[in-house]
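Novice: Got a sequence here, can you build the structure:
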Amino acid sequence: MRYDGRQPDELRPVTITPNFTETAGGSVLITWGGTRVLCTAMLEAGTMPFLKDTGRGWLTAEYAMLPSSTLTRKKRESAGKPDGRSTEIKRLIGRSLRAAIDEEKLGENTIWIDCDVLQADGGTRTASITGSYVALVLGVRKWLAAGLIPEDPIVHQIAAVSVGIVGGQPVLDLPYKEDSGADVDMNLVMNEEGAFIEVQGTGEGRAFSEAELAALISLGKKGIAELMEKQKAAE
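Specialist: Numbers count the residues shown, from 1 in each chain. Sure, this is the predicted structure:
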């Protein structure tokens with residue numbers, strides 16, 4: 001049993017609330033244990049300069065932690081001085097969600113995914129990806145109904161989860177208390193076919209074996225399958 005009473009292969013409670021804000025796109029509030037992230041998807045006419053006149057669109061992402069999202073105030077980010085961690089995470093979110101769409105079906109439009117962390121307790125990037133997929137689906141429905149995009153661009157379901165080794169034990173879904181002291185920390189992003197989009201793994205306290213890697217991937221697959229069911233229920 002872990003400090004919060006969960007089994008090694010058990011997710012924290014996850015709730016995805018659709019249409020959390022009234023926007024022209026899609027929005028969800030994802031509550032994942034003590035982590036809360038507002039995820040929105042908005043459509044903008046026009047594509048990236050390097051895709052102009054190709055008929056293809058683009059998806060990009062932004063990520064930020066609000067000042068009160070952590071126990072001590074986090075300095076608000078500014079455009080002139082971006083936070084390195086936030087930049088890395090927003091690129092991860094963008095890569096992950098682009099794997100969900102066919103850019104040619106989007107037409108020359110840009111989808112903006114915005115993830116704002118209201119409260120952080122580990123797994124903010126995985127919550128952002130998992131919640132943003134649902135916001136994307138909700139947004140696409142609106143844009144199709146309004147005739148703003150030519151056809152449904154979504155080709156894959158995407159979700160993400162963290163795994164790690166804590167006290168010698170492979171575990172699923174690490175809150176901050178576990179993540180901050182983990183020997184091994186890993187994030188997995190996958191689609192509904194069980195194919196990997198991103199694997200981010202680091203031996204924080206020690207190296208890890210091939211057998212341990214296999215155990216972590218098995219835990220991640222189980223968690224992502226459960227998250228995808230929650231996504232479908234929220235759509």
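Novice: What segments of this protein are strands?
Specialist: 14-18, 26-32, 35-45, 58-65, 109-119, 158-166, 169-172, 184-191, 196-203 (DSSP state E).
Novice: closest to A234 out of those strands?
Specialist: When these are compared by CB to CB, strand 14-18 sits nearest A234, at 3.8 Å. Where C-beta positions appear, they are placed from N, C-alpha and C, glycine not excepted.
Novice: now the nearest residue to A41 once chain neighbours are set aside: how far from V199?
Specialist: Spatial nearest neighbour of A41, excluding adjacent residues (CB to CB, 6 or more residues apart in numbering): G139 at 3.7 Å. From G139 over to V199 the distance is 27 Å, taken as CB to CB, to the nearest Å.
Novice: what would the strands of the chain look like in JSON lines with distance to E235, mean neighbour count and mean pLDDT?
Specialist: Shown next, in JSON lines, are these (distance: least, CB to CB, whole Å; neighbours: other CB atoms under 10 Å; pLDDT from 0 to 100):
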{"stretch": "strand 14-18", "distance to E235": "7", "mean neighbour count": "18", "mean pLDDT": "98"}
{"stretch": "strand 26-32", "distance to E235": "10", "mean neighbour count": "25", "mean pLDDT": "97"}
{"stretch": "strand 35-45", "distance to E235": "13", "mean neighbour count": "21", "mean pLDDT": "97"}
{"stretch": "strand 58-65", "distance to E235": "18", "mean neighbour count": "21", "mean pLDDT": "94"}
{"stretch": "strand 109-119", "distance to E235": "16", "mean neighbour count": "21", "mean pLDDT": "96"}
{"stretch": "strand 158-166", "distance to E235": "13", "mean neighbour count": "26", "mean pLDDT": "98"}
{"stretch": "strand 169-172", "distance to E235": "23", "mean neighbour count": "20", "mean pLDDT": "97"}
{"stretch": "strand 184-191", "distance to E235": "16", "mean neighbour count": "23", "mean pLDDT": "97"}
{"stretch": "strand 196-203", "distance to E235": "20", "mean neighbour count": "15", "mean pLDDT": "96"}
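Novice: what comes up buried for the longest helix seen in the chain?
Specialist: When the chain is parsed with DSSP state H, its longest helix is helix 210-234. Neighbour-count burial for helix 210-234, counted by 16 or more other CB atoms under 10 Å, picks out 212-213, 215-217, 219-224, 226-228, 230-231, 234.
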